[in-house]
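One predicted model, sequence on top.
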Amino acid sequence: MPNRCPFWKDYDSIGGSISYCDLAAFNKPVNPAFLAQIGCTPEKRKECLGTMELNIGTGAVPEPPAPPVVCDPPPIVAKNAVGLAEKKAATNSPALQLLALLAGAYIAMGAVLSTVVTNDLAAYIGDGLSRLVGGATFSLGLVLVIMGGAELFTGNNLMVTGLLDKKVTLKQVLNNWGWVYLFNFIGSILIAILFLYSGIWKANDCSIAIKAINTASAKASLPWGEAFVRGIFCNWLVCMAVWLSLAGKDAISKILGIMLPVTAFVAIGLEHSIANMYFIPMGIFLKNQAVLQPLLASGVSQSLNWSGFILNNLIPVTIGNMVGGILFVAIIYWNAYLRPSIQKLAGTADTK
């Protein structure tokens, strides 16, 4: 053979000349760049294969491995979201309640970590970077929810894709949302109670407790309209985190897809209803602790109570979260990729 490859081997045997490709025969790993370097082009591989088949009746030559698929394209993600909605709609109690309780607890754990890590961090690296670190640590919660498997109300707003695609019913969606919202609350309160009795908030001269109270006070004192808009903005990003996790094909890509939007919403200062089920009750639990009274500023919000939590924050933030997740992610992406008229156009384009 002219211009023979250094990996091409042949020898004489009793039955005649035998030729083979050393790379293929011994299953050596190859990559496209290496094959190009040794001149193993598609034409050359065809020529070598013909020689092998002529001499020994069969043969194999290495083919460049297919590039790894690290994420699905958006149209596939939209279909994945519909499939996920079907699975969630089919999840019945008590599994649904247990998974929702876990999700509330996981989000609260992320909130605990964020509070502990950033309790005095701004004094060293400034407010902006402290927010960024707080967001990155808070993302633990959604990573645990998605990678561990749990039911989170805000992420489940994406079930509307299944509703629009007529794969799930409105009754199924509302049943899921109702139970998940309730048990997210129970899981969040459980972590708040555990954190209260753990005494961890006393560390660093009670700076952790002061950070928790100030965070809760700021959230409880937000005007209703601001809480609503921050809720929209927040769950737009949270549902995008879930959306990106559906695109990822491996654990690392899924985790990165989750962390980036979650870090953004926390750093910006947006409002997440399930996270606030921990943040504000935690502040309420701590504000009356005797050891903290000399340390508390007189400006602790008068709205930092149960009625203020529910009326001034939880209601507007929940409504805003639903608008953000349903309208700006579920409805828009379904219309962009899955609406029958869009799919018909795509099918027509594919046939041309």
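The structure has been received and is ready for your questions.

low-scoring stretches of the stretch 201-350 of the chain, by residue?
Scanning the stretch 201-350 of the chain for pLDDT under 70 picks out the ranges 297-299, 301, 342-350.

so where do the helices sit in it?
203-220, 224-247, 251-268, 273-287, 306-308, 315-322, 332-337, 340-351 (DSSP state H, counting those that start in this stretch).

Now find how far off-centre stretch 115-122 is within its chain.
Stretch 115-122 sits 24 Å away from the centroid of its parent chain (Cα atoms, centre = their mean, to the nearest Å).

hmm, back to that, for the helices of the stretch 201-350 of the chain, which one sits closest to Ser114?
Closest to Ser114 of the helices of the stretch 201-350 of the chain, according to Cβ to Cβ: helix 251-268, at 6.9 Å. Backbone N, C-alpha and C define where each C-beta goes, glycine included.

Output the contacting helices and strands for that closest one.
Packing contacts for helix 251-268, counted by 3 or more Cβ pairs under 8 Å, 6 or more residues apart in numbering; DSSP states H and E, involve helix 127-138, helix 140-148, helix 224-247.

doesn't Glu151 fall inside a strand?
No - assessed with DSSP: H, G, I helix; E, B strand; the rest coil, Glu151 is coil; it does not lie in a strand.

if I read this right, it contacts Asn176, doesn't it?
Yes - Glu151 lies in contact with Asn176 (Cβ atoms under 8 Å); the separation is 7.5 Å.

Can you work out which residues contact both of the two?
88, 91, 96 (Cβ atoms under 8 Å, 6 or more residues apart in numbering).

mind putting the residues you listed in TSV, pLDDT and secondary structure included?
Shown next, in TSV, are those (pLDDT from 0 to 100; DSSP: H, G, I helix; E, B strand; the rest coil):
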residue	pLDDT	secondary structure
Lys88	97	helix
Thr91	95	coil
Leu96	98	helix
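
which among these end up buried?
Among those, those classed as buried by neighbour count (16 or more other Cβ atoms under 10 Å) are 88, 91, 96.

Mind checking which of Glu151 and Asn176 has more residues around it?
Comparing Glu151 with Asn176 by other Cβ atoms under 10 Å, the one with more neighbours is Glu151, at 26 against 23.

if I pick the more buried one, what's in contact with it?
Counting by Cβ under 8 Å, 6+ apart, Glu151 has contacts 88, 91, 96, 99-100, 102-103, 176, 180, 183-184.

May I see the helices and strands packed on helix 251-268 organised as TSV, with distance to Ile315 added?
Below are the helices and strands packed on helix 251-268 laid out as TSV (distance: least, Cβ to Cβ, whole Å):
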stretch	distance to Ile315
helix 127-138	23
helix 140-148	22
helix 224-247	8
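
Please identify which of these is closest to Pro64.
Closest among the helices and strands packed on helix 251-268, once you apply Cβ to Cβ, is helix 224-247, at 24.9 Å.
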